[in-house]
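In: Provided below for reference: sequence and predicted model.
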Amino acid sequence: MLIAHTIDDLRQALAPYRHPAFVPTMGNLHDGHITLVEQALPLGDVTVASIFVNRLQFLPHEDFDSYPRTWEADCNRLQAAGCKVLFAPREADLYPEPQTFKVHPDPALADMLEGHFRPGFFTGVATVVMKLFACVLGQSGGTAVFGKKDYQQLLVIRQMVRQFALPITVVAGETCRAPDGLALSSRNGYLSLQERQEAVALSQALRQLAVRWGQQPGVEWEQQAMDGLRARGWQPDYLTVRRRVDLQPATAGDAVGALLVLGAARLGATRLIDNLEF
């Protein structure tokens, strides 16, 4: 596996290839990331991953400085999975000057849910992804693979690619889960042993919400799901039923099969997100 730290080195490494398949990450890799890399293998003539903890998408009080960085383990896992090129820029390589030009996603999609509770988050995400696309896929286009666990992010990236007419195919990867149902996440490592045992309650609450909505649609189920988690010691931001296509609130007229439930809640000091399609 070739490791490129600068944009020039990356472009030199990719010059022989015509259709890269790209998996962007912030490192601290788990099985979900590796599944995305494996999914990318047959989708291009070279598989590329990136590791970059993007300051632009962290709010001032969030965990940018303490975000887990596991460089050697990440490199070993990527190489074992078949990744051929790793782009690991330093902050000064990707942002050699203040990033005053930014990508501001459509507020109708980006200012709800995660964007409501983390203002500016999707501007940071869209800006760094656009820049990574320019570095990795800018010469000839290609394929990019994103996980469904960050469902709203997936829709933001797809809309950005479509509206800017980027020659990029965005492929979605299914959420990977632990045997008890907890969605894999780099932030799961923050959980204590007791919190880890409790953490599965989020996916269970979402599953129950989906069942209840499927039987009889009603927004009261969302509040009951929130109250149920709160009674267990969680601090929920939202548990809600939305349309998959645009994340607008579901109504009784929306068919099962076109919906998903999304949730975000804090357990102790750790904020977890999850979603389930139904």
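Out: Right, received. Where do you want to start?
In: elements contacting the helix or strand where residue 237 lies?
Out: Under DSSP states H and E, the secondary-structure element containing residue 237 is strand 235-243. If you count contacts as 3 or more Cβ pairs under 8 Å, 6 or more residues apart in numbering; DSSP states H and E, strand 235-243 packs onto helix 201-215, helix 220-231, strand 259-267. Bear in mind the C-beta positions are built from the backbone N, C-alpha and C, glycine included.
In: pick the most buried one from those.
Out: Among the helices and strands packed on strand 235-243, strand 259-267 has the highest mean neighbour count (mean count of other Cβ atoms under 10 Å), at a mean of 22.
In: neighbouring strands for it, and are they parallel or not?
Out: strand 235-243 (antiparallel), strand 270-277 (antiparallel) (DSSP bridges).
In: what average pLDDT does the shortest one get?
Out: Just to be clear, that refers to strand 270-277. Strand 270-277 shows a mean pLDDT of 98.
In: list the buried residues for that strand?
Out: Within strand 270-277, the residues that count as buried by 16 or more other Cβ atoms under 10 Å are 270, 271, 272, 273, 274, 275, 276.
In: of all the residues you listed, which comes closest to residue 213?
Out: residue 276 (11.0 Å; Cβ to Cβ).
In: quick one, helices of the stretch 51-200 of the chain?
Out: For the stretch 51-200 of the chain, the helices defined by DSSP state H, counting those that start in this stretch cover 71-81, 91-94, 107-110, 114-117, 121-136, 151-163, 193-199.
In: of those helices, which approaches residue 45 most closely?
Out: helix 121-136 (13.2 Å).
In: got a list of contacts for that closest one?
Out: 7, 10-11, 14, 20, 22, 24, 48, 50, 52, 54-59, 87, 89, 94, 99, 102-105, 110, 114-115, 142, 144, 152-153, 156-157, 160, 164, 166, 168 (Cβ atoms under 8 Å, 6 or more residues apart in numbering).
In: at the geometric centre of this structure, which residue do we find?
Out: residue 150 (3.6 Å; Cα atoms, centre = their mean).
In: ok, back up a step: want to try JSON lines for the helices and strands packed on strand 235-243, with distance to residue 131 and mean pLDDT as columns?
Out: Compiled in JSON lines, the helices and strands packed on strand 235-243 are given as follows (distance: least, Cβ to Cβ, whole Å; pLDDT from 0 to 100):
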{"stretch": "helix 201-215", "distance to residue 131": "32", "mean pLDDT": "98"}
{"stretch": "helix 220-231", "distance to residue 131": "36", "mean pLDDT": "98"}
{"stretch": "strand 259-267", "distance to residue 131": "26", "mean pLDDT": "98"}
